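Colleague: coords below, sequence missing:
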């Protein structure tokens with residue numbers, strides 16, 4: 001579906017009204033609020049789960065000392081580190097929590113083998129970086145980290161505060177071994193996007209959260225933030241730990257991105273829970289890639305699919321969702337507001353919208369649904385926060401988790417973790433999180449998207465179907 005060339009403001013208004021009417025009925029609706037469940041939900045044996053915005057729990061924020069809703073993901077990480085006896089292997093895109101660095105340094109000093117891999121963009125100690133010349137988002141990150149380091153909140157950073165607030169500097173001073181994805185001699189893989197830690201070859205923590213305040217507690221420089229909506233899973237199982245350790249050892253031997261030997265799907269049982277694990281990336285012609293695995297899992301849906309996604313730009317997954325909806329499967333999908341209205345967002349396809357990007361072009365093979373739905377949209381979040389989950393819940397018994405965004409970059413470029421857990425107990429926890437996000441969500445065409453449609457009609461008219469830009473992450 002392209003856009004129609006317009007000749008006047010009044011005609012533009014008519015076209016926009018017709019276009020939006022074709023997309024869905026009742027657009028810009030608000031999802032009906034459903035109270036969060038407060039009862040205790042059971043978990044499978046040897047598996048734990050934490051959500052940093054769970055309203056049924058609260059903890060004292062280490063940023064401002066106030067009680068806040070949610071579960072403390074950082075406390076889970078530090079608890080596992082403190083319990084390590086001989087080995088800690090950590091691979092995470094960003095590590096900027098000083099308390100985590102202190103715990104790692106203490107274990108290293110005590111003789112525990114500690115190894116850390118991060119994304120090259122986050123390898124340098126922030127306290128040694130000058131803001132001049134940096135892109136705006138990196139300057140903003142420096143301001144946030146400086147605010148976090150300002151322990152007495154006087155607006156001035158002493159040398160001691162600067163050092164003690166810098167996780168990478170603390171690790172370097174303690175001589176903790178650190179690598180990033182330029183260690184293979186390249187400029188870095190697409191992204192070293194993993195978020196996992198392996199303890200003593202018997203315990204693993206993984207999920208959607210980086211080890212940063214932005215992803216866990218919120219930003220010190222923005223007190224209204226609660227942290228990006230994230231989760232972490234902890235599994236106590238030697239077989240699972242060995243699978244993750246094998247991936248870590250590839251990274252530590254300087255195999256990143258497509259320079260890394262392609263992984264195959266591995267499975268293990270944790271009690272009664274079947275766990276499938278795949279590490280990315282793969283070449284596009286490799287059928288074992290992560291997008292295909294997600295597609296095959298979605299294809300098994302018989303009744304219901306819930307999605308809570310940071311990025312959704314994989315066309316193949318929109319196609320299988322359309323097939324399942326035509327077969328009577330109920331779909332609910334929420335995508336991060338910052339991504340949802342981008343021209344390559346697959347949320348637009350589900351709503352029947354073809355939106356032009358730069359140069360007035362749309363994606364190659366763009367396929368807006370002929371029968372769109374408005375059971376998709378964006379969640380209401382605190383200003384500055386993002387929906388950072390990469391989660392699907394299928395038939396209330398299968399959960400897709402990990403660091404893997406639903407994008408070509410995740411499948412074919414980045415170092416990523418994709419985990420599928422077959423557990424009705426876990427699915428109930430993720431469904432509760434979906435209900436929380438669903439309350440107050442804006443479904444169908446949001447005000448922001450409506451403005452983008454108007455601007456596209458005004459400046460582009462009818463658009464071609466030639467690919468324009470590649471999605472990130």
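Modeller: Okay, I see it. If you're wondering where the values come from, they're calculated on a predicted model, not measured in any experiment.

Colleague: so how many other residues sit close to the residue lying closest to residue 194 once chain neighbours are set aside?
Modeller: In space, and not counting its chain neighbours, residue 194 is closest to residue 91: 4.2 Å by Cβ to Cβ, 6 or more residues apart in numbering. (Each C-beta comes from the backbone N, C-alpha and C, glycine too.) Other residues near residue 91 come to 27 when the count uses other Cβ atoms under 10 Å.

Colleague: Over to residue 286?
Modeller: 13.

Colleague: before we move on, back to that, so the residue nearest to residue 194, which state does it fall into?
Modeller: strand (DSSP: H, G, I helix; E, B strand; the rest coil).

Colleague: what residue ranges in the stretch 1-150 of the chain score low on pLDDT?
Modeller: Filtered on pLDDT under 70, the stretch 1-150 of the chain yields the residue ranges 1-39.

Colleague: That one: helices as residue ranges?
Modeller: Remark: helices assigned in the stretch 1-150 of the chain by DSSP state H, counting those that start in this stretch are 9-23, 73-82, 98-109, 136-149.

Colleague: quick one, phi psi at residue 399?
Modeller: Backbone torsions for residue 399, taken as degrees, to the nearest 10, come to phi -120, psi 130.

Colleague: Contacts only, for the closest residue to it other than its chain neighbours.
Modeller: Distances taken as Cβ to Cβ, 6+ apart place residue 421 nearest to residue 399, at 4.7 Å, with adjacent residues excluded. Counting by Cβ atoms under 8 Å, 6 or more residues apart in numbering, residue 421 touches 47, 233, 273, 274, 275, 276, 398, 399, 401.

Colleague: change it to 10 Å
Modeller: 44, 47, 49, 233, 235, 270, 273-277, 397-402, 427, 430 (Cβ atoms under 10 Å, 6 or more residues apart in numbering).

Colleague: Okay, and it sits in which element?
Modeller: Residue 421 is part of strand 416-422 when elements are defined by DSSP states H and E.

Colleague: Same question for stretch 214-227: list its buried residues.
Modeller: Buried residues in stretch 214-227, counted by 16 or more other Cβ atoms under 10 Å: 214, 215, 216, 217, 218, 219, 220, 221, 222, 225, 226, 227.

Colleague: circling back to that earlier point, kindly give a single PyMOL line that selects the buried subset of the contacts of residue 421.
Modeller: Applied in PyMOL, the following selects the buried portion of the contacts of residue 421 according to 16+ other Cβ under 10 Å:
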select buried, resi 44+47+49+233+235+270+273+275+276+277+397+398+399+400+401+402+427+430
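
Colleague: and residue 125, how many neighbours?
Modeller: So residue 125, with other Cβ under 10 Å, has 16 neighbours.

Colleague: Just the element for the nearest residue to it once chain neighbours are set aside, please.
Modeller: Take residue 125 and drop its neighbours on the chain: the residue closest to it by Cβ to Cβ, 6+ apart is residue 169, 4.0 Å away. In the assignment (DSSP H and E), residue 169 maps to helix 167-173.

Colleague: Any idea how far that helix is from the middle of the chain?
Modeller: Distance of helix 167-173 from the chain centroid (Cα atoms, centre = their mean, to the nearest Å) equals 26 Å.

Colleague: Tell me if I'm right that the residue nearest to residue 125 and residue 161 touch.
Modeller: No. With contacts counted by Cβ atoms under 10 Å, residue 169 stays clear of residue 161, the gap being 11.8 Å.

Colleague: Which neighbours do these two have in common?
Modeller: Counting by Cβ under 10 Å, 6+ apart, the residues touching both residue 169 and residue 161 are residue 127.

Colleague: follow-up on the earlier one: quick one, which of the helices of the stretch 1-150 of the chain gets closest to residue 442.
Modeller: With Cβ to Cβ as the measure, helix 9-23 is the member of those nearest residue 442 (14.0 Å).

Colleague: any idea how far the residue positioned nearest the centre of the chain lies from residue 367?
Modeller: Residue closest to the mean C-alpha point of the chain, counted by Cα atoms, centre = their mean, is residue 388 at 3.7 Å. For residue 388, the distance to residue 367 equals 27 Å [Cβ to Cβ, to the nearest Å].

Colleague: circling back: list the contacts for the residue nearest to the centre of the chain?
Modeller: By Cβ under 10 Å, 6+ apart, the neighbours of residue 388 are 52, 207-210, 214-215, 227-231, 308-311, 336, 403, 405.

Colleague: Show the backbone phi and psi for it.
Modeller: phi -110, psi 0.

Colleague: which residues touch the closest residue to it other than its chain neighbours?
Modeller: Nearest residue to residue 388, sequence neighbours excluded (Cβ to Cβ, 6+ apart): residue 228, at 3.9 Å. For residue 228, the contacting residues are 52-53, 208-210, 212, 214-216, 218-219, 310, 336, 381-382, 384-389, by Cβ under 10 Å, 6+ apart.

Colleague: cool, residue 87 as well?
Modeller: 107, 112, 113, 114, 115, 198, 199, 200, 201, 202, 241, 245.

Colleague: Now tabulate those in JSON lines and tack on neighbour count and distance to residue 97.
Modeller: JSON lines is the format used below for these (neighbours: other Cβ atoms under 10 Å; distance: Cβ to Cβ, whole Å):
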{"residue": "107", "neighbour count": "23", "distance to residue 97": "15"}
{"residue": "112", "neighbour count": "17", "distance to residue 97": "18"}
{"residue": "113", "neighbour count": "13", "distance to residue 97": "21"}
{"residue": "114", "neighbour count": "25", "distance to residue 97": "15"}
{"residue": "115", "neighbour count": "20", "distance to residue 97": "18"}
{"residue": "198", "neighbour count": "27", "distance to residue 97": "18"}
{"residue": "199", "neighbour count": "24", "distance to residue 97": "17"}
{"residue": "200", "neighbour count": "17", "distance to residue 97": "21"}
{"residue": "201", "neighbour count": "14", "distance to residue 97": "24"}
{"residue": "202", "neighbour count": "16", "distance to residue 97": "23"}
{"residue": "241", "neighbour count": "21", "distance to residue 97": "22"}
{"residue": "245", "neighbour count": "17", "distance to residue 97": "23"}
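
Colleague: ok, those vs residue 96, which is closest?
Modeller: Nearest member of those to residue 96, counting by Cβ to Cβ, is residue 114, at 17.1 Å.

Colleague: beta partners for the closest one?
Modeller: Under DSSP bridges, the beta-bridge partners of residue 114 are residue 88.

Colleague: Let me see the contact set for residue 314.
Modeller: 290-291, 294-295, 320, 344, 346, 405-411, 471.

Colleague: Now, of those residues, which are buried?
Modeller: Buried among the contacts of residue 314 by 16+ other Cβ under 10 Å: 290-291, 294-295, 320, 344, 346, 405-411, 471.
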